[in-house]
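> what's the 3D shape of this:
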Amino acid sequence: MRSKQVFDAHAHLAPGARALSSLLAAMDEHGIDRAIVVAGAVASPDRLSRQIVEGGHVEDDADNGAVLAGGGRSAGRLVPFFFANPHRPATVYRDGGPLFRGLKLAPAVHGVPFDDSRTVELIEVAAELGHNVYAHCLHRRGFGVRDFVRLAARFPATTFALGHSGVGDLDFHGIDLIEPMGNILFETSCGLTATVRRALSRLGPERLMFGSEYPMQSPRVELTKLEVLELSEREWDDIAWRTATRFAGEQG
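Okay, here's the model as predicted:
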């Protein structure tokens, strides 16, 4: 049985009374010690899948309060990130943000591109609060990895994470785009083993971090993906623990 520590850099707390206990049980089952958690189900899977392909957006807020409460009931195992809604004033994040440890943006959900002034205002608040930023990219003008790189270049003191292994499951090009950007990390969920292997060779283990995408993905699948890479002890410790620890604003 694997005994090394695991820090999941990207999990969701789904709605419902049993969501917290289910998340913690899944972490126990798969040997995950801690997790960065954001709210889930802002858009339904059916709607989100359509928006990823065709565009569109919702203006609904994530249940950040439930995430914060869940973190408080987890004995320190869950690290809450604020899921920002760019359709609300950035002051909403500024007011509530100090209770959280980082910022999550989902352009596929809210439909606001990286170069939009509303997005930039949220990153300015994140910089004020000392928060790092996790985001997804899309194959669409204003939402791509190149656009994400341009945004990160404006805030060199802030660490960003390219979620879900970039765009699609074989985004070698996205890896090439973020390679020169030392303030952009690569989160491994949803990519092929070949994509993670390429990221490891181009970026180094200190810029990779394991994510499960729970509950949409089984943590077992994502952990198995790392295990078949036959990582060295140092590579495993970086990818599965230290990088996410630093991203969460803790000592790595």
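
> Give me the pLDDT for residue 32.
At residue 32, the model reports a pLDDT of 98.

> again, but for the one 10 residues further on
Predicted confidence (pLDDT) at residue 42: the value is 91.

> Residues touching the helix or strand where residue 69 lies, excluding its own?
Element membership for residue 69 (DSSP states H and E) is helix 64-72. Identification of contacts with helix 64-72 by CB atoms under 8 Å, 6 or more residues apart in numbering yields 13, 15, 19-20, 23, 37-39, 78-83, 96, 99-100. From N, CA and C alone the C-beta is placed, and that goes for glycine too.

> From the residues you listed, keep the buried residues only.
Buried members of these, scored by 16 or more other CB atoms under 10 Å, are 13, 19-20, 23, 37-39, 78-83, 100.

> Serialize those to JSON lines and add fields for distance to residue 206.
Shown next, in JSON lines, are the buried ones among the contacts of helix 64-72 (distance: CB to CB, whole Å):
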{"residue": "13", "distance to residue 206": "28"}
{"residue": "19", "distance to residue 206": "32"}
{"residue": "20", "distance to residue 206": "31"}
{"residue": "23", "distance to residue 206": "27"}
{"residue": "37", "distance to residue 206": "23"}
{"residue": "38", "distance to residue 206": "23"}
{"residue": "39", "distance to residue 206": "29"}
{"residue": "78", "distance to residue 206": "24"}
{"residue": "79", "distance to residue 206": "19"}
{"residue": "80", "distance to residue 206": "24"}
{"residue": "81", "distance to residue 206": "21"}
{"residue": "82", "distance to residue 206": "25"}
{"residue": "83", "distance to residue 206": "26"}
{"residue": "100", "distance to residue 206": "24"}
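
> Let's see which of these end up in strands.
13, 37-39, 78-80, 82-83 (DSSP state E).

> Closest one of these to residue 224?
Minimum distance to residue 224 across these is 21.7 Å, recorded for residue 37 (CB to CB).

> Contact partners for the closest residue to the closest one other than its chain neighbours?
Leaving aside its sequence neighbours, residue 37 sits nearest to residue 78 (CB to CB, 6 or more residues apart in numbering; 4.7 Å). Residues in contact with residue 78, defined by CB under 8 Å, 6+ apart, are 13, 23-24, 34-37, 67, 70-71.

> ok, now residue 191?
Counted by CB under 8 Å, 6+ apart, residue 191 has contacts 164-166, 169-171, 199.

> same check, this time on residue 218
Counting by CB under 8 Å, 6+ apart, residue 218 touches residue 212.

> Residue 207 now?
Here residue 207 is in contact with 182, 184-186, 199, 243 (criterion: CB under 8 Å, 6+ apart).

> Mark which of the residues you listed are buried, thanks.
Applying 16+ other CB under 10 Å to the contacts of residue 207 flags 184-186, 199, 243 as buried.
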